[in-house]
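In: The sequence and its predicted three-dimensional model are supplied below.
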Amino acid sequence: MHNILMIDDEPIIVDSLYRLLSELKEPALQVWKAYSAQEGLLVMEQNRIDVLVTDVRMPGMSGLELCSLVRSQWPGCKVIFLSGYSEFEYLQTALRQDAFDYLLKPIDDETVVEAIRKVILQINKETQEEDEVSRAGEQLHKAHDLLKRDFMNHLLQEKALTMERVHEQIQTLQLPVSPDGRLILMIGRVDRWPNGYAAREKLLLHYAIGNIVEEYIGQACKFVSHTEGRHLTWILQSGGPGRHGSTGDLLQLHGHLTKMLGQIQASIQQFLKLSCSFVVSGPEIDWLQLQQTYVSLCDLLQRGIGLDADIILVDKAEALLAHHHHETELLQQEAKRNVYQLVHLLEAGEQDSFHELLARFFHSVQSSVFLDYGLQAEIFSHLSSMFLSYMNARRITQTVGLQMDFEFLFSFSKHSDWFALEESFSQLAKLLFSSTEVGLKEQKKEIVEKVDAYINKSLHQNISLELLAKHIHLSQSYLSRLYHTEKGCSISDRIKDLRLARAKELLLEDGLKIKEVAAQLGFDNVPYFTKFFKKHVGVTPQDYRQSHK
């Protein structure tokens, strides 16, 4: 099977050619596509490319410039240029680049398929003419990095690896380490990426970090480096280039390495403006222990995801985890308590208090350097559930989704650290408070009106805050605060004012005795009603009636 890569800044052309060639049964092709020269280079870094089909003119880097870069990595790659320009200078330059073909756009399917079949036939012919042994050696050299990556992945992730395979691969790949010696394993990670870094930029900075580390350790030991996902990994042996180290040398290297890590972190911060953490195994790790050790060290870095950056963990890190076990239990209790309080503040619409508590809670979580991954996921689950329940109960999930992508609520692994997670939750909370602010005002107004209506209807009863809270289905403290905020007076003052207003109305009605007025306002006896009325109006009920008649 041959690998073919198509690059054009016009997606409709790339997608059309991709579908056309992917459906071909003969010849068998592995088809890749890219919409820019930069995307194409990323594909070529990970895969052998036999045929490159590229536009001549593209933003950033032309197809002609790209051709030179491709040839530097894959000398045998055949190039077919696509262009909407028929000027002689482009054709002439393409021919100097030893292009296999030059097709003018627009092109029909038959022309493309014919050109691809011709180039595959040419590749097959050249392949057959090469000496098999020489060709295998050249291919091995070209694919060295890919084969090394594959071997390292097996070494660090495969439990059933044998020493025979280790010997074979080290010899075949000519790695600068010995299969007979013991090792030190070191893993690093970037603590937090600045916003806006693309995958290619992160990859380049990973290489830059590797270069800085290797400048410090290059003369002190032999090593093999590897980058996978967020982790940078080094397998270290004592002895240095061209020398064989003893067990004593390995112990000395381990001590030397732990002293250098602080300087390494400082250099990375100075030159790359990045914060990095490192974890180092104990000395004398066996080759077949690498997988288990690697998993353990990655777990330590995952737990150390808190506020502290530039972490250095060496050898006895598991003992430190046991030391912090009690702290983790306390944090679990604190998490549940804080989430309960956050739910209350979110429901109550108290935005400032909510954000203040959220910030304190995350600061507490981040301050715990060793945080079990299960507890991290539990905290994330509680907070995500809180926001989703809030949106679903108000049927605003779809509306909020149009303003903010809240896919982050469904996958903990999407967040590089707690800082990024806190920012996401904080932004969502601000949006929710903003979206529901108008509704909350209307809701508070409605609650106050219900309270007043109930008081007016129940003036003949003994009205209490407890009775009103049960009727409105709110807590007494919250109802009291809400009413005072909205009306500018307490509920007890409101009850008093409404009773007095109603008393004045009833006293002016003909035929009603003062005893009957008192009964309609919830007073058991006339003297108490008289005392209440005179205290707040200044005259007795009888005097008020006479003066107004």
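Out: Looks like it came in fine. As the structure is a computational prediction, the values presented were derived from the model and not from experiment.
In: Report the distance from stretch 75-85 to the chain centre.
Out: Distance of stretch 75-85 from the chain centroid (Cα atoms, centre = their mean, to the nearest Å) equals 39 Å.
In: list the buried ones in that stretch?
Out: 76-83 (16 or more other Cβ atoms under 10 Å). From N, CA and C alone the C-beta is placed, and that goes for glycine too.
In: first to last residue in stretch 211-224, what's the distance?
Out: 12 Å (Cα to Cα, to the nearest Å).
In: what mean pLDDT does it have?
Out: Average pLDDT, stretch 211-224: 89.
In: Next: stretch 42-58.
Out: pLDDT averaged over stretch 42-58 gives 86.
In: Can I get that stretch in CSV, CA atoms only?
Out: As requested, the backbone C-alpha atoms of stretch 42-58 are provided in CSV (Å, rounded to 0.1, in the frame of the first residue of the first chain):
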residue,chain,number,x,y,z
LEU,A,42,2.6,17.5,10.6
VAL,A,43,1.2,14.5,8.6
MET,A,44,4.6,13.9,7.1
GLU,A,45,6.3,13.9,10.5
GLN,A,46,4.3,10.9,11.5
ASN,A,47,3.9,9.0,8.3
ARG,A,48,5.9,8.0,5.2
ILE,A,49,4.7,9.8,2.1
ASP,A,50,5.1,8.1,-1.3
VAL,A,51,3.2,10.7,-3.4
LEU,A,52,2.5,14.3,-2.7
VAL,A,53,-0.2,16.1,-4.6
THR,A,54,0.0,19.8,-3.8
ASP,A,55,-1.2,23.2,-5.0
VAL,A,56,1.5,25.5,-6.3
ARG,A,57,0.3,28.6,-4.6
MET,A,58,-0.8,28.5,-1.0
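In: Wasn't residue 469 part of a strand?
Out: No: Residue 469: not assigned to a strand; according to DSSP: H, G, I helix; E, B strand; the rest coil it is helix.
In: Flag the shaky bits of the stretch 251-400 of the chain, pLDDT-wise.
Out: 302-311, 313-331, 366-373 (pLDDT under 70).
In: The same query, at a cut-off of 90, please.
Out: Scanning the stretch 251-400 of the chain for pLDDT under 90 picks out the ranges 251-263, 265-266, 273-286, 288-289, 291-353, 359-387, 389-400.
In: The residue lying closest to residue 379 once chain neighbours are set aside: which element?
Out: Leaving out its chain neighbours, the residue that sits closest to residue 379 by Cβ to Cβ, 6 or more residues apart in numbering is residue 335, at 5.0 Å. According to DSSP states H and E, residue 335 maps onto helix 325-348.
In: what's the spacing between that helix and its chain's center?
Out: 22 Å.
In: which helices and strands sit right next to the following helix or strand past it?
Out: Toward the C-terminus, helix 325-348 is succeeded by helix 351-367 as the next helix or strand (DSSP H and E). Using 3 or more Cβ pairs under 8 Å, 6 or more residues apart in numbering; DSSP states H and E, the elements in contact with helix 351-367 are helix 325-348, helix 418-457.
In: ok, back up a step: just the buried residues of stretch 75-85 now: which is nearest residue 474?
Out: When those are compared for distance to residue 474 (Cβ to Cβ), residue 82 wins out at 69.4 Å.
In: how close does that closest one sit to residue 401?
Out: For residue 82, the distance to residue 401 equals 40 Å [Cβ to Cβ, to the nearest Å].
In: Next, format the helices and strands packed on helix 351-367 as TSV and append mean neighbour count.
Out: Formatted as TSV, the helices and strands packed on helix 351-367 follow (neighbours: other Cβ atoms under 10 Å):
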stretch	mean neighbour count
helix 325-348	15
helix 418-457	16
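In: among the ones you listed, which is nearest residue 189?
Out: Once the helices and strands packed on helix 351-367 are compared by Cβ to Cβ, helix 418-457 is nearest, at 14.2 Å.
In: what mean pLDDT does that closest one have?
Out: 82.
In: sorry, back to before: contacts only, for the residue nearest to residue 379.
Out: Counting by Cβ atoms under 8 Å, 6 or more residues apart in numbering, residue 335 makes contact with 361, 365, 375, 378-379, 382.
In: how does it look with 10 Å?
Out: Neighbour list for residue 335: 361, 364-365, 375, 378-379, 382-383 [criterion: Cβ atoms under 10 Å, 6 or more residues apart in numbering].
In: same deal with residue 112?
Out: Taking Cβ under 10 Å, 6+ apart as the criterion, residue 112 is in contact with 6, 16-17, 20-21, 53, 80, 82, 101, 103.
In: Same question for stretch 208-217: list its buried residues.
Out: For stretch 208-217, by 16+ other Cβ under 10 Å, it's 209-210, 212-213, 217.
In: Appreciated, that's everything.
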